[in-house]
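Q: A structural model of the following input is requested.
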Amino acid sequence: MKIVEGYLGSDILIEGSLFSKQGTRIDGTCVGTITCESNVDVGASAVVRGTIHGETVQVSGHIEGEVLASQRLTVLRQAQVKGTLITRPGGLSMDNGGRFEGGFVMRDVPTPKEEDPEA
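A: Take a look at the predicted model:
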């Protein structure tokens, strides 16, 4: 189990881009892009509309958009995902009951890094 350093509670709405070098748990609403060099845990109360890019991504909540995981992508039984899942071959795990509508791509995904603001 990886340690979560950042936490967005269920009462938080964030719009825009979020970057973290450490593990992040989201229980609130995020519209935009989440990039994490470690693990991203999308809790059961979370609503994400946009893109998530992490080393490992675990989903219990609602996602509309694209999810990229360089190592492991887990869709748990209460999750509802609509969009595109992208992870390395063998990197997807989906529990019975988890809902997924969209596309799935198996390919190597680079580990997320902070974008250069000057670029």
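Q: partners of residue 93 in the sheet?
A: Beta-bridge pairing for residue 93 (DSSP bridges): residue 74.
Q: right, I mislabeled it, should have said residue 63
A: Under the criterion used (DSSP bridges), residue 63 bridges to residue 48, residue 81.
Q: which strand or helix spans the residue positioned nearest the centre of the chain?
A: Taking CA atoms, centre = their mean, the centroid of the chain lies closest to residue 52, which sits 4.1 Å from it. Under the criterion of DSSP states H and E, residue 52 resides in strand 47-59.
Q: which outside residues touch that strand?
A: Residues from elsewhere that reach strand 47-59 (CB atoms under 8 Å, 6 or more residues apart in numbering): 2, 24, 26, 28-42, 61-76, 79, 81, 98, 109, 111-112. Bear in mind the C-beta positions are built from the backbone N, C-alpha and C, glycine included.
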